[in-house]
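>>> task: produce atomic coordinates for the following.
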Amino acid sequence: MDGGPDDPTTDADVAVKAQRALEWVYRGAMADLLTGEDLREITGRRELYRRFSRMSETLVEVAERIWYAAVKEP
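Numbers count the residues shown, from 1 in each chain. Below is the predicted model of the structure:
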C-alpha cells in the first residue's frame with residue numbers, strides 16, 4: 001500500500017476521523033436538547049441523533065472490514 005488516495009488504510013482512517021467528529025456534534029446536540037421545552041420535538045430529535053450516530057458507527061465497521069479484506073487478502 002502506497003498511502004495514496006486509493007489506500008484502504010487511508011480510507012479507513014478518514015472514516016474513523018469522520019465518525020469521531022460526528023460523535024462530538026452528537027454529544028453537543030444531545031446536550032442542547034436539555035434546554036428544549038417541546039417534548040415531542042426533543043423526543044424526535046433525540047431519536048434522529050441516535051440514528052445518525054449509529055449510522056456513523058456502522059460506516060466505521062464497514063470501512064474496517066473493507067480495509068481488512070484489502071490488506072489481508074491480496
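
>>> CA only for contacts and neighbour counts going forward, please
Fine.

>>> does residue 23 touch residue 53 like I think?
Yes: the pair residue 23 / residue 53 is scored as a contact, 6.8 Å apart, by CA atoms under 8 Å.

>>> which residues touch the nearest residue to residue 71 once chain neighbours are set aside?
Once flanking residues are discounted, residue 71 sits nearest to residue 8: 7.6 Å by CA to CA, 6 or more residues apart in numbering. Counting by CA atoms under 8 Å, 6 or more residues apart in numbering, residue 8 touches 66, 67, 70, 71.

>>> need those in a markdown table (columns: secondary structure).
Shown next, in a markdown table, are the contacts of residue 8 (DSSP: H, G, I helix; E, B strand; the rest coil):
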| residue | secondary structure |
| --- | --- |
| 66 | helix |
| 67 | helix |
| 70 | helix |
| 71 | helix |
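
>>> okay, which residue is most central for this protein?
residue 56 (2.4 Å; CA atoms, centre = their mean).
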